[in-house]
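1. coordinates only, sequence not included:
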């Protein structure tokens, strides 16, 4: 129930329409303007409209249709668009424009460039209807763009961007892995939702996770959390969590408008598997910073080759043990390490970590994993008394960018009203374009 309305029928209607489109693309029935089947799907979005679909596609690539090519464009830097489309055939390419308002600057700039790309190659504006679909709520803007209303997939204001993976924003994911697997992912979300809702706190995984986050952040002064998936398919999971956690809980004003006298959301970061061991683990083991770690591992490999997975699991277990117990002077001496090197070979231990172990990375497992972190973030927000569902901090930079943009190409604005550093850079940029 949302504002007195049962939203479930509308949600399932959108999911059914998504499945219909996904099946048409997957079996070659969706034809482009020239009659060729669509083989390339390009998602254009930013924030949750990009990070979720990218992460889910990479995480579930094992289950994807390998006859289709998937690309993702988010950055307003033109390089992102150019490189994503460089080797694609416009006749076989479908763009998914993901923007709730259909006004998001970065998304709509890239969408308009994609529109021009299609028209330039196919020589007809009518081609737009065959090569674009929208995930949005703004029907007039979608129609104005040239997308047919029946090819707009709705989601609602109560769906926050960073929580939108299981909404219509997941359209590219559904096309990639198929409706059945997508619904299995939704079932994983639901199972964790029910666990969070019903299980007593002392056995409730998201509650315990959130409380551990509070413990290390507020009582031990830990400023970051490392998320370390020992599964290559989860290589984009830390980046996804960065938005989920830091955009949700990066707040210093409480829900009753008081400034918090305590630290809130820590910085989340990480890399997959043994890659990180040869990069930043040195700091975690022997540095002066306390870095709680979340290890994520699976007992079964999706791609079993020789003893690779045994070695992977041995490494994650070894890292957790080393962080917890370290190495004492006595152990170093027993290893016959020279005295002058012993201080460098001692590990203090007592470095915190959590181990999340699942059987296999399936769509349902991914749904559970994402929902676990969503509810953990909510738990922390409740205790910190902040609103985990707004993000006003992103607005200031957007507003300033809107003021700066026209000043970059207008030499008649002789004294932009900014600080001296910004003014000087604007002048320098104009000079590079021969405007001043």
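-> Received it, and whenever you're ready, just let me know what you need. No experiment lies behind these values; they were computed from the predicted model shown. Numbering: from 1, shown residues only.
2. show me the shaky parts of the protein.
-> Within the chain, the stretches with pLDDT under 70 are 415, 436.
3. which other helices and strands contact whatever helix or strand residue 10 lives in?
-> Element membership for residue 10, per DSSP states H and E: helix 8-26. Of the remaining helices and strands, those touching helix 8-26 by 3 or more C-beta pairs under 8 Å, 6 or more residues apart in numbering; DSSP states H and E are strand 152-153, helix 171-177, helix 179-198. Using the backbone N, CA and C atoms, a C-beta is placed for each residue, glycine as well.
4. contacts for the shortest one?
-> Applying C-beta atoms under 8 Å, 6 or more residues apart in numbering, the contact partners of strand 152-153 are 14, 17-18, 21, 133-136, 139, 142, 168, 171.
5. mark which of those residues are buried, thanks.
-> 14, 17-18, 21, 133-136, 142, 168, 171 (16 or more other C-beta atoms under 10 Å).
6. what's the farthest-apart pair in those residues?
-> Between any two of the buried ones among the contacts of strand 152-153, the greatest separation by C-beta to C-beta is 15.8 Å, found for 18 and 142.
7. what's the burial count for the closest residue in space to residue 62 that isn't next to it in sequence?
-> Leaving aside its chain neighbours, residue 62 sits nearest to residue 302 (4.8 Å; criterion: C-beta to C-beta, 6 or more residues apart in numbering). By other C-beta atoms under 10 Å, 15 other residues sit near residue 302.
8. is it true that residue 302 touches residue 233?
-> Yes. Counting by C-beta atoms under 8 Å, residue 302 touches residue 233, with 7.2 Å between them.
9. shared neighbours of the two, anything?
-> Common neighbours of residue 302 and residue 233 (C-beta under 8 Å, 6+ apart) are 62, 361.
10. that older thread, which SSE is the residue nearest to residue 62 in?
-> Using DSSP H and E, residue 302 sits in no helix or strand.
11. against residue 308, how distant is it?
-> Per C-beta to C-beta, to the nearest Å, residue 302 is found 11 Å from residue 308.
12. contact partners for residue 281?
-> residue 319.
13. next, the contact list for the nearest residue to residue 153 once chain neighbours are set aside, please.
-> Among residues not flanking residue 153 along the chain, residue 168 sits closest, at 3.9 Å (C-beta to C-beta, 6+ apart). Contact analysis of residue 168 by C-beta under 8 Å, 6+ apart lists 14, 18, 135, 153-155.
14. ok, those vs residue 382, which is closest?
-> residue 155 (24.9 Å).
15. in what helix or strand does the closest one lie?
-> Using DSSP H and E, residue 155 falls outside every helix and strand.
16. neighbours of the closest residue to it other than its chain neighbours, just the number please.
-> Closest residue in space to residue 155, ignoring its immediate chain neighbours: residue 167 at 4.3 Å, by C-beta to C-beta, 6+ apart. Around residue 167 sit 24 other residues, with neighbours defined as other C-beta under 10 Å.
17. so residue 167 is in contact with residue 159, correct?
-> Yes. Between residue 167 and residue 159 there is a contact under C-beta under 8 Å: 4.9 Å.
18. could you pull out the strands in this protein for me?
-> For the chain, the strands defined by DSSP state E cover 40-44, 69-73, 93-98, 132-135, 152-153, 224-229, 267-269, 293-298, 353-358.
19. what is the third one packed up against?
-> Under the contact criterion of 3+ C-beta pairs under 8 Å, 6+ apart, strand 93-98 touches strand 40-44, helix 48-59, helix 105-122, helix 128-131, strand 132-135, helix 171-177.
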